[in-house]
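Chemist: With the input below, show me the fold.
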Amino acid sequence: MRPTSKAFIVGLVSSITFALGAAPAVAAEPIEDFSAPAAVVPSAEVAQTLDTTLSAEEIAGGSIDSVLTMAEAATIPHHFDVAASIALAESEVGTSRPTGWSAPGECIMSAQRWIRAGGGAWGGGGNPVSNYDGATRLTIADAQPGDIVQYENIESPTSWVTGVHTLMIVGVNGDGTFTIIESNNPGGSGLVSKDEHWTPKPPAGFQAVVWRF
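Modeler: Purely as a prediction, here's the structure:
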């Protein structure tokens, strides 16, 4: 039977389509182009992102300046004879003094006595913050011999609440600990003692602040 013209046309179109869509026997090597960033859309399940840039608000707020200021502060030298201060503190280890408001056996009064022995200008007073007028505030990571550590209440730093304590660093050890001399520990004893492997252990709600005169 002679095929109809419609069937002939359908068969011709099918053969042409097969010829154009057939893959060659040897496919060409794919080419990777890294000249432009890939347009990769992360899966909806991926929630973690990493952003190391600072926002305009953070820059305006001085985030970078704060880091630089702290780094620069750590390099400020002591403005007194550290060796003389430590020498007096060492000579008092094992002795005790009366305690009470402004009494010589209190921790902060002893620290003041030691710093002033080296010519340090510790002239502040009043509370655990204003006491350090003229000193530079640092972190414990920056502490050096001659620095004072103050346990400070986080919610009320200017209050003389139970837990406030003052001591002097006399050595920095290679294992991350410090050698310190302190007075009135335990409280009420007025005893001057030395700890050669000390690390900060502020009570709950307190932080260890370092001051340098």
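Chemist: which residues touch stretch 159-173?
Modeler: Counting contacts by CB atoms under 8 Å, 6 or more residues apart in numbering, the residues outside stretch 159-173 that touch it are 85-86, 89-90, 107-108, 110-111, 114-115, 127-128, 143-153, 178-182, 185, 194, 196-197, 202-203, 205-206, 210. Any C-beta I mention is one placed from the backbone N, CA and C, and that applies to glycine too.
Chemist: Make sure residue 183 is actually in contact with residue 110.
Modeler: Yes. Between residue 183 and residue 110 there is a contact under CB atoms under 8 Å: 3.5 Å.
Chemist: residues near residue 180, how many?
Modeler: 23 (other CB atoms under 10 Å).
Chemist: How about the contacts made by it?
Modeler: Listed by CB under 8 Å, 6+ apart, the contact partners of residue 180 are 149, 167-170, 194-195, 198.
Chemist: ok, 7 Å please
Modeler: Listed by CB atoms under 7 Å, 6 or more residues apart in numbering, the contact partners of residue 180 are 167-170, 195, 198.
Chemist: Helix or strand: which one has the residue lying closest to residue 148 once chain neighbours are set aside?
Modeler: If you skip the residues right next to it in sequence, residue 148 has residue 211 as its closest partner in space, 4.6 Å away by CB to CB, 6 or more residues apart in numbering. Residue 211 belongs to strand 206-212 when elements are defined using DSSP states H and E.
Chemist: Residue 183 and residue 110: which is more packed in?
Modeler: residue 183 (30 against 25).
Chemist: Might one say that that one is in contact with residue 112?
Modeler: No. Using CB atoms under 7 Å, residue 183 is not in contact with residue 112; the gap is 10.5 Å.
Chemist: who's in contact with the closest residue to residue 131 other than its chain neighbours?
Modeler: What sits nearest to residue 131 in space, not counting adjacent residues and going by CB to CB, 6+ apart, is residue 124, at 4.4 Å. Residues in contact with residue 124 (CB under 7 Å, 6+ apart) are 130-134.
Chemist: Among those residues, which one sits closest to residue 75?
Modeler: Using CB to CB, residue 134 is the member of those that sits closest to residue 75, with 17.7 Å.
Chemist: So what does the nearest residue to that closest one once chain neighbours are set aside look like in phi/psi?
Modeler: Distances taken as CB to CB, 6+ apart place residue 121 nearest to residue 134, at 5.9 Å, with adjacent residues excluded. The main-chain torsion angles of residue 121 are listed as degrees, to the nearest 10 and equal phi -90, psi 70.
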